[in-house]
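1. My questions concern the predicted model and sequence given below.
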Amino acid sequence: MINLTVNHLKALSLRMLKNLNLNSVYNSEYDNILNDFYIPALSNSILYCRAVGYFDAKLITSAARGVASFIANSGKMRLIVGATLDEDSYYAILEGYKVKEILKNKIFTPLGEECDKLFTFEIFKNQFNALTWLICNDFLEIKIAIRAGNIYHEKIGFFKDSEGDIVVFQGSSNETSMGICYNYESINVFKGWLPELESHYLPHQKNFERLWEDKAKNTKVIEINDLAMDFFLQRNGKPILPSIEKEIMLWQDQLKKDNEYDSNISIVKNKGPFLPKHIGIHKFLLKNYQLEALKKWGENKYTGILELATGAGKTITSISGAVQLFSYIGKMFLIISVPYINLANQWVEVLKNFNIFPIPCFEAKEKWLSKVQDRVKDFNLGMLNFVCLVVVEKTMTQENNFFLNEINKIKPNLTEFVLFIGDECHHHATQKTFAALPKIADKRLGLSATPFDDEEFENEKMDITKFYGEVVFRYSMSDALNDKVLTPYYYKVIPVYLTDEEQSDYALITQKISSILNNKSIEQKSILNSLSRKRNKIINGATNKYIALDRILADFNKPTKHTLFYCAEGESIYEELVDSHINKVAGILQNRSWKSSPFTSQEETFEREQIMQNFKFGHIDALIAMRCLDEGIDVPVCSTAFILASSKSNRQFIQRRGRILRKYPGKDYAYIYDFLVLPNASFEENTFSRNIVKAELKRINEFTKLSVNKIDTYNELKNIVKKYDLTYILD
């Protein structure tokens, strides 16, 4: 494998364009255009501009050596191409621009140590990943050229070096691997430092700049966006051949863009929501269980709860149901409730695929209140037949409840057109949230992998079925694994023991809990909850977990990309060890040369977006999280997880496992390491000791029974369960 560091590449790039022995004409019959012209010129340039009819990403891999040197020069590519992109290239480009927007203030520079790794040419093994990477790291910009009555088919380009010298070329070759490497092609080359050639190269250079700035007379140059997508893709996802009719349609659609979209109301006029042809790079098609879920919901008069396993696509399922219901009833006021802002933003992005552009109802009310007021008025007057709001729990339950006050102004005769979707609807079981649910919504859909839970000593809960109705469809994690909707996983249990101090404190707290367990007073219940939390902290923050973690990581040959560490919340209860569990894990990882970042509610939303993108692209190896990744946030790239938080909540450990099992290209298996806390061996085997093991085994059994290696795990646990007479707990 070629392995060139940034310094090596810079050393190779010291020559300028003037120093290259360039021909005036290159003909593929006699010359290797890629090696003789393209790569040398690119390697010695800081700017590359190209306008062609056709482009494919394969050229990036073919010219990897030149592209890598160009990046080492901090080069910038600007490409203008005709409306001929294939599906994979289109989505790779679009993904690059979306990531670039998120990473405007990115934490990690693409050069330096990280870039050294990329210049092993690993990045160029997949041309579409390389295309995305180049765009999101600001090395490449791409625009589309369209014409009203014919196709854009020009083929010009120029290179520019750090001295300001340029080389312009023009000829038959497109910006494709076939055009540069295989076809019979010829190009004319004009050296910009030769005055006698100015009349040949200057018109091409000026023409490119006019095109790039969208100042050409009969050619429109646009940025890649969702609006243009259907014009680049056929229904089956194959490349579109140039078509005058399609070019005219795109031209007209682009000219209407400013009038077609009203940014103040965030919906597309004269168009309602519709089911997309594609989502991402995949053809849109609901799976059988999703269709069955929506059928059951419809049969229950569009009310009920869908209990879908984490990662089974409840967002897509529910939006599809809303779109189909809208097409049936012809009018809809759609309200989607989510727990957190980061999850709300995720919903907003997914909704765009269905031509739904909601009002985000979170953060300061000045951002959304007047818009909601206008939408309610227009809906009541019949001026709008579709409205969508995405609201977070904090907004929905705020003091004076501005949100609910506006929703309640919807006319009584229109409530049959109001649909309320509650994502992670188990959050609505608290009295405060339940009271804020819009009772005027005739149609209701609750979504949760775990709508009901048995958490110990929780406050009184409201029965969410009184709002949503009963669970109308269940699709378990077992179903999802059997159907290959989720990634199969290996599960490794790591036994650790309480210290003498931890064991003694656990026993003392348990005695106190037992003495007041039957007291029904509010004051005693508050004390009971406090004691229970303190006892759980002992298990969650057991000192020997961190010693065991360090030992395990020592056996890893190198840091493992896309690894997640779930930590307990808060700090140790022991003064001499006061430190957040996040910091403890971060310290261990740093000592083992892992690059990690916390991912908690303490970081701002934009910071979490940056962290997540750096995690996805491998700039950091690991995320250290507490509750922030428990619900809804997609981390499909994650393939390894260490669970240090010994949760007894059925909901919590099911949600956490779901984060790791989502499907992702190249991810054949997931790997979960879980720390089983056991009583100190020096203590007597009494009821307290047995209860510790019993509480832990509930989670262990849930994880084990669906794992690939469950027989091995059961065998490893055999002596432990036998010792405490808990064999019956394991399935």
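-> That came through, no problem.
2. quick one, what contacts P495?
-> L676, L678, I720 (CB atoms under 8 Å, 6 or more residues apart in numbering). C-betas here are computed from N, CA, C, even on glycine.
3. Including secondary structure, pLDDT and neighbour count, could those go into TSV?
-> Below are those laid out as TSV (DSSP: H, G, I helix; E, B strand; the rest coil; pLDDT from 0 to 100; neighbours: other CB atoms under 10 Å):
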residue	secondary structure	pLDDT	neighbour count
L676	strand	92	19
L678	strand	91	19
I720	helix	87	19
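4. Output those as TSV; include the columns distance to I336.
-> Shown next, in TSV, are the contacts of P495 (distance: CB to CB, whole Å):
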residue	distance to I336
L676	39
L678	44
I720	45
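5. Tell me the one among these nearest to N557.
-> L676 (25.4 Å; CB to CB).
6. Got phi/psi on the residue nearest to V693 when sequence neighbours are not counted?
-> Once flanking residues are discounted, V693 sits nearest to Y724: 4.8 Å by CB to CB, 6 or more residues apart in numbering. Backbone geometry at Y724, expressed as degrees, to the nearest 10, gives phi -100, psi 10.
7. residues contacting Y724?
-> If you count contacts by CB under 8 Å, 6+ apart, Y724 has them with E685, S689, R690, V693, K694.
8. again, only using 10 Å
-> Counting by CB atoms under 10 Å, 6 or more residues apart in numbering, Y724 makes contact with L678, P679, E685, S689, R690, N691, I692, V693, K694, L697.
9. that older thread, and the contacts of P495, which is closest to I146?
-> Nearest to I146, judged by CB to CB, of these is L676 at 61.6 Å.
10. so how many other residues sit close to V485?
-> Residues near V485, counting by other CB atoms under 10 Å, number 21.
11. Just give the nearest non-adjacent residue to it, would you?
-> V485 sits nearest to A312 (CB to CB, 6+ apart), 5.7 Å away.
12. Repeat that for S45.
-> In space, S45 is closest to F159, 4.2 Å off (CB to CB, 6+ apart).
13. any idea whether that neighbour is helix, strand or coil?
-> Assigned with DSSP: H, G, I helix; E, B strand; the rest coil, F159 falls in the strand class.
14. just so I have it, where are all the helices in the stretch 551-700 of the chain?
-> 581-591, 605-616, 650-661, 687-704 (DSSP state H, counting those that start in this stretch).
15. hang on, the earlier thing: read off the pLDDT value for the residue nearest to V485.
-> Note on A312: pLDDT of 88.
16. what does A309 give?
-> 88.
17. ok, it - contacts?
-> For A309, the contact set (CB under 10 Å, 6+ apart) comprises 289, 449-450, 474-481, 483, 485-486, 654, 657-658, 661.
18. roughly how far apart are it and Y289?
-> Taking CB to CB, to the nearest Å as the measure, A309 falls 10 Å from Y289.
19. who touches both of the two?
-> R474, Y475, D479, A480, D483, V485.
20. Pipe the residues you listed into CSV and attach distance to M77 and pLDDT per row.
-> Below are the shared contacts of A309 and Y289 laid out as CSV (distance: CB to CB, whole Å; pLDDT from 0 to 100):
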residue, distance to M77, pLDDT
R474, 51, 95
Y475, 46, 95
D479, 47, 94
A480, 42, 93
D483, 43, 93
V485, 39, 91
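21. Which ones among those map onto helices?
-> With DSSP state H as the criterion, helices contain D479, A480 from among these.
22. ok, of the shared contacts of A309 and Y289, which come out buried?
-> Y475, A480, V485 (16 or more other CB atoms under 10 Å).
23. which residues does the second one contact?
-> What that stands for is A480. Applying CB under 10 Å, 6+ apart to A480 gives the contacts 289, 308-313, 449, 486-487, 658, 661, 663, 706.
24. List the beta-bridge partners for S597.
-> Counting by DSSP bridges, S597 is bridged to L623.
25. okay, now it: neighbour count?
-> By other CB under 10 Å, 23 other residues sit near S597.
26. any idea how far it lies from K616?
-> Distance from S597 to K616, counting by CB to CB: 12 Å.
27. do L369 as well
-> 35 Å.
28. low pLDDT regions in the stretch 101-250 of the chain?
-> The stretch 101-250 of the chain contains residues with pLDDT under 70 at 101-130, 148-153, 172-184, 224-250.
29. Could you pull up the contacting residues of the nearest residue to I329 once chain neighbours are set aside?
-> Nearest non-adjacent residue to I329, counting by CB to CB, 6+ apart: F417, 6.3 Å away. Taking CB under 10 Å, 6+ apart, we find F417 in contact with 325-326, 329-334, 379, 385-387, 410-411, 441-443.
30. Narrow those to those that are buried.
-> L325, F326, K331, M332, F333, L334, F379, F386, V387, I410, A441, K443.
31. May I have the secondary structure class of the first one?
-> What three-state DSSP gives for L325 is helix.
32. Check T600 and give its pLDDT.
-> 74.
33. Kindly report the same for N459.
-> Looking at N459, the pLDDT reads 48.
34. Tell me if I'm right that Y497 and E696 touch.
-> No. Under the criterion of CB atoms under 10 Å, Y497 makes no contact with E696, lying 11.9 Å away.
35. what about the residue lying closest to W193 once chain neighbours are set aside, how many neighbours?
-> The shortest distance from W193 to any non-neighbouring residue, by CB to CB, 6+ apart, is to D165 (5.2 Å). By other CB under 10 Å, 17 other residues sit near D165.
36. Next: the one 5 residues further on.
-> Around Q170 sit 19 other residues, with neighbours defined as other CB under 10 Å.
37. how far away is it from G469?
-> 68 Å.
38. In the buried ones among the contacts of F417, find the pair that's most separated.
-> Longest span within the buried ones among the contacts of F417, CB to CB: L325 and I410, 16.8 Å.
39. Max pairwise distance over the contacts of Y724: which two?
-> Most distant of the contacts of Y724, by CB to CB, are E685 and L697, 15.3 Å apart.
40. More neighbours: which of the two?
-> Between E685 and L697, L697 has the larger neighbour count (other CB under 10 Å), namely 19 against 13.
41. Can you tell me the closest non-neighbouring residue to the more buried one?
-> I729 (4.7 Å).
42. returning to that earlier point: now, among the contacts of P495, which is nearest to A51?
-> Among the contacts of P495, and counting by CB to CB, the member closest to A51 is L676, at 62.4 Å.
43. So that closest one versus S596, what's the distance?
-> L676 is 24 Å from S596, by CB to CB.
44. Which parts of this structure belong to which domain?
-> 6-229, 284-481, 487-729 (automatic domain parsing).
45. Quick check, I335 in contact with A436.
-> No. In this structure I335 lies outside contact range of A436 using CB under 10 Å: 11.6 Å.
46. any shared contact partners between the two?
-> With CB under 10 Å, 6+ apart as the test, I335 and A436 both reach V391, M396, F403, I407.
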